[in-house]
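# Next comes the sequence, and after it the predicted model I'd like to discuss.
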Amino acid sequence: MKTKILKLTVIMLLMAGSFSACKEKGNDNSKSALKAYSTTEGRFNINENEYVSMRVLPEKVFINSEIKIKIENHTSRYTLGYGYDFFLEYFDNENWTLIQLNYNFIPVGLGLKPYEITEQQILLSGLPEQYLNRLGKYRIIKNVWLYSVFPPYEIDSIFGSFNLYAEFEIIQNY
């Protein structure tokens, strides 16, 4: 009976965490929030001092240029798992629209050890034709997960996998 209650509690916590993926920037009253979202930086808070984050550099780019995704692991006991793949959305009429990308991602699992930083280059010339010359706000979404740096090296069941979001803007060339 205790095992069933424990399993049910873990499932409920995982479901509650997946529905609370975003928290508006500026509401710093809740220090217990695990996940936070800001416009320029996707951030997942482990506790008051530890977090993982992602941002797009530069935040404003020209059509057909290149951006960098900078991912940082500011934790002491977790490796951040991720891949080369990502999703891209366009902000259109108050809604985010998923863009079907023309990229072929090789399914490689990468790990970012505690306190490491990495960057990934993305060429915007690979956007589908209807977005090649479309100015406006975009956001990158990367699915990541945390796993312990100590044996048994399993994905942390408290956090599971989650998405990091980071926005950027495509502006007119002058």
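Structure's in. What do you need?

# can we go C-alpha only for contacts and neighbour counts from here?
Will do.

# What segments of the chain are helices?
2-19 (DSSP state H).

# Any stretches of it with poor pLDDT?
Residue ranges of the chain with pLDDT under 70: 1-40, 153-158, 174.

# what do you get if the cut-off is 90, keeping everything else the same?
Scanning the chain for pLDDT under 90 picks out the ranges 1-50, 63-65, 77, 93, 100-109, 123-133, 146-162, 172-174.

# If you count residues, where's the longest strand of it?
Ranked by residue count under DSSP state E, the longest strand found in the chain is strand 136-148.

# any idea how far it is from the chain center?
Offset of strand 136-148 from its chain centre (Cα atoms, centre = their mean, to the nearest Å): 2 Å.

# Take that strand, keep the C-alpha atoms, and write them as PDB.
C-alpha atoms of strand 136-148 as PDB (Å, rounded to 0.1, in the frame of the first residue of the first chain):
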ATOM      1  CA  GLY A 136       9.600  39.500 -36.000                       C
ATOM      2  CA  LYS A 137      10.000  37.600 -32.700                       C
ATOM      3  CA  TYR A 138      11.200  33.900 -32.700                       C
ATOM      4  CA  ARG A 139      12.100  31.500 -30.000                       C
ATOM      5  CA  ILE A 140      14.300  28.500 -29.700                       C
ATOM      6  CA  ILE A 141      13.100  25.500 -27.700                       C
ATOM      7  CA  LYS A 142      15.400  22.800 -26.500                       C
ATOM      8  CA  ASN A 143      14.400  19.700 -24.600                       C
ATOM      9  CA  VAL A 144      16.900  18.900 -21.900                       C
ATOM     10  CA  TRP A 145      17.100  16.700 -18.800                       C
ATOM     11  CA  LEU A 146      19.200  16.500 -15.600                       C
ATOM     12  CA  TYR A 147      20.900  13.400 -14.400                       C
ATOM     13  CA  SER A 148      23.100  12.800 -11.400                       C
END
